[in-house]
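J.: Using only what follows, build the 3D model:
(one chain, ligands or ions: 1)
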Amino acid sequence: MVTPRVRTYIPGLDEILYGGIPERNVVMVSGGPGTGKSIMAQQFIYNGLIRGEPGVYVALEEHPSSVRRSFRHFNWNIDEYERKGTFAIVDAFTTGIGSAAQREKYIVKDLDNVSELVDVVRQAIKDIKAKRVVIDSVSTLYLSKPAVARNIVMILKRVVSGLGCTAFFVSQVSVGERGFGGPGVEHAVDGIIRLDLDEIEGKLYRSIIVWKMRDSKISMVRHPMEITDEGIVVVWDKYLKVAPNSISIVELPKEEVEEMRRSLSESSESASNKEEYEE
Ligand SMILES: Nc1ncnc2c1ncn2[C@@H]1O[C@H](COP(=O)(O)OP(=O)(O)OP(=O)(O)O)[C@@H](O)[C@H]1O
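T.: Numbers count the residues shown, from 1 in each chain. I've put the predicted structure just below:
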């Protein structure tokens, strides 16, 4: 059976996923500071909006106004979609203090109360009829309580995926950390995309690797990645060879490039199957 896919339309990313993200998958976008996680998540949402797929962005790390500014930085004009009601930001940052209380429609008042967060997110998804969801960052919810991390991720996954959405859960890790956000969490999500910055001889190199993606073939190499004025671009037909003191960018074998290209053109885009299996 062909798995219905949600295309990210992030240049190069659908290729290394052999056609896109399987519908309803919850994908952890993990990486250190400044690796491009939020940009990737915003690009995923915006690329859906302009193609008629409504989206919800849950802001836990930044003020909703900063989130809007970050979208605008790339000329991703979310204002019209907010006005039309196909895009919403869930404010899980201000706790309703200050001007946000008047301006924001979806506010989480008690950030230690996961059920309140889940209720607000569920409401936003239903109102907006969202197909894409971003939680930025999910790790904020359990930084000081790792024992409940898996549980929190499972609860959010059940709601988001159960309501028919495909999601990016942003996970912050420290510089040099090998993992993606903790053992329980890494197994709970359907996919893991890891973004990296490596310093080699005084120069920083961006790269991306897909660690896992349920129901999908994945590229098994680390690809170079760029952040441009138009957002993220994955160099899908090349890979990065990183040794302790050197780095080189190598062409992928022709057959692999061809297979990725073919898989993308043959992949079936997600049908607008909004059957709910949450409640
Ligand atoms: N137009 C641009 N061209 C090139 N690079 C850019 C551009 N705009 C932003 N960047 C780079 O993107 C990086 C920030 O990306 P982003 O905010 O997505 O990181 P992040 O992984 O979410 O980081 P953190 O976890 O620290 O919030 C910055 O280091 C910045 O230099």
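
J.: so what does the helix or strand encompassing D127 touch, helix or strand wise?
T.: Following DSSP states H and E, one finds D127 within helix 114-128. Applying 3 or more Cβ pairs under 8 Å, 6 or more residues apart in numbering; DSSP states H and E, one finds that helix 114-128 contacts strand 55-59, strand 87-91, strand 106-107, strand 132-136, helix 149-162. In short, each C-beta sits where N, CA and C put it, glycine included.

J.: where does the stretch 101-250 of the chain dip in pLDDT?
T.: For the stretch 101-250 of the chain, no stretch has pLDDT under 70.

J.: Quick check: residues of it near the ligand?
T.: Residues of the stretch 101-250 of the chain lying close to the ligand by Cβ under 6 Å from any ligand atom are Q172, I227, T228, D229.

J.: and which of these is nearest to the ligand?
T.: Nearest to the ligand among those is I227, at 3.7 Å by Cβ to the nearest ligand atom.

J.: if we look at the strand or helix carrying the closest one, which residues are touching it?
T.: According to DSSP H and E, I227 maps onto strand 223-228. Applying Cβ atoms under 8 Å, 6 or more residues apart in numbering, the contact partners of strand 223-228 are 12, 16, 36, 39, 195, 205-209, 232-236, 238-240, 249.

J.: Can you say which of those are buried?
T.: Buried members of those, scored by 16 or more other Cβ atoms under 10 Å, are 12, 16, 36, 39, 195, 205-209, 232-236, 238-240.

J.: Thought D237 was touching V250, still the case?
T.: No. Using Cβ atoms under 8 Å, V250 is not in contact with D237, being 10.4 Å away.

J.: Between those two, which has more neighbouring residues?
T.: The neighbour comparison of V250 against D237 (other Cβ atoms under 10 Å) goes to D237, with 17 against 11.

J.: Let me know the distance separating that one from E226.
T.: Taking Cβ to Cβ, to the nearest Å as the criterion, D237 is separated from E226 by 14 Å.

J.: Ok, E186 next?
T.: Per Cβ to Cβ, E186 is found 27 Å from E226.

J.: With L49 instead?
T.: 23 Å.

J.: Look at those two and report which has more neighbours.
T.: L49 (22 against 14).

J.: which ones are touching the residue lying closest to the more buried one once chain neighbours are set aside?
T.: Nearest residue to L49, sequence neighbours excluded (Cβ to Cβ, 6 or more residues apart in numbering): Y81, at 4.7 Å. Y81 is in contact with L49, P54, G55, F87, counting by Cβ under 8 Å, 6+ apart.

J.: secondary structure element for the nearest residue to the last one once chain neighbours are set aside?
T.: Excluding the flanking residues, the one nearest F87 by Cβ to Cβ, 6+ apart is Y81, at 3.7 Å. Taking DSSP H and E as the definition, Y81 sits inside helix 79-84.

J.: Surely M260 is in a helix?
T.: Yes. With DSSP: H, G, I helix; E, B strand; the rest coil as the criterion, M260 is part of a helix.

J.: Quick check: it touching G12?
T.: No. The criterion here is Cβ under 8 Å, and M260 misses it with G12 at 9.5 Å.

J.: And the strands in the chain?
T.: Counting by DSSP state E, the segments of the chain that form strands are 5-6, 21-22, 26-31, 55-59, 87-91, 106-107, 132-136, 166-172, 191-200, 203-213, 223-228, 231-234, 238-243, 246-251.

J.: Same list (these) but as TSV, adding distance to L264.
T.: Output for the strands of the chain, formatted as TSV (distance: least, Cβ to Cβ, whole Å):
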stretch	distance to L264
strand 5-6	9
strand 21-22	12
strand 26-31	17
strand 55-59	22
strand 87-91	26
strand 106-107	34
strand 132-136	19
strand 166-172	17
strand 191-200	17
strand 203-213	14
strand 223-228	15
strand 231-234	12
strand 238-243	17
strand 246-251	18
